[in-house]
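Novice: Below are the sequence and a predicted model for it; my questions follow.
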Amino acid sequence: MIEIEYIVKDSNGVERLRTTDKKAADAYDRALDNAERLAQMIRKDKVLPSLSDTELEELTIYLARNARDVERVLKGKAPERDPTETLAPVPAPATDKIAPIKAAG
């Protein structure tokens, strides 16, 4: 039996997700890329300078994974999901050696 496994790594090469679902791997990879861009923008503009790297990473991953609802809110619309509904937690990486997302500069 042949099984294909997708491994998503962040820009530092740290494994963040391992799955057999290509769509899930692609979506998570895009979310990580967008989260890194958001983190760079927030750090560059000195927004919330006291926010720790870990908190910034959690915030930007949340925003990236919920981009559709964030966009709706910015357009003055309600999110598609019920605001009292809780999201599934971010999947735990397969390794305990996780490097926080660092903003460039």
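Specialist: Cool, the structure landed. Numbering: from 1, shown residues only.

Novice: Stretch 1-16: end-to-end distance?
Specialist: Counting by Cα to Cα, to the nearest Å, you get 26 Å between the two ends of stretch 1-16.

Novice: Show me the residue at the heart of this protein, geometrically.
Specialist: Centroid-nearest residue in the chain: residue 61, 2.6 Å away (criterion: Cα atoms, centre = their mean).

Novice: which non-adjacent residue is nearest residue 73?
Specialist: Sequence neighbours aside, residue 79 is the residue nearest to residue 73 in space, at 6.1 Å (criterion: Cβ to Cβ, 6 or more residues apart in numbering). Bear in mind the C-beta positions are built from the backbone N, C-alpha and C, glycine included.

Novice: ditto for residue 21
Specialist: Closest residue to residue 21 apart from its sequence neighbours, by Cβ to Cβ, 6+ apart: residue 6 at 7.3 Å.

Novice: Neighbours of the one you found, how many?
Specialist: Residues near residue 6, counting by other Cβ atoms under 10 Å, number 16.

Novice: I'd like the distance between it and residue 77.
Specialist: Relative to residue 77, residue 6 is positioned 33 Å away (Cβ to Cβ, to the nearest Å).

Novice: I'd say the residue nearest to the centre of the chain and residue 33 touch.
Specialist: No. Assessed by Cβ atoms under 8 Å, residue 61 is found out of contact with residue 33, at 11.0 Å.

Novice: got the phi/psi numbers for residue 29?
Specialist: When read as degrees, to the nearest 10, the backbone of residue 29 gives phi -60, psi -40.

Novice: and the nearest residue to it once chain neighbours are set aside, how far is that from residue 45?
Specialist: The shortest distance from residue 29 to any non-neighbouring residue, by Cβ to Cβ, 6+ apart, is to residue 8 (5.0 Å). When distance is defined by Cβ to Cβ, residue 8 is 27 Å away from residue 45.

Novice: now swap in residue 57 and tell me
Specialist: The gap separating residue 57 from residue 45 is 17 Å, by Cβ to Cβ.
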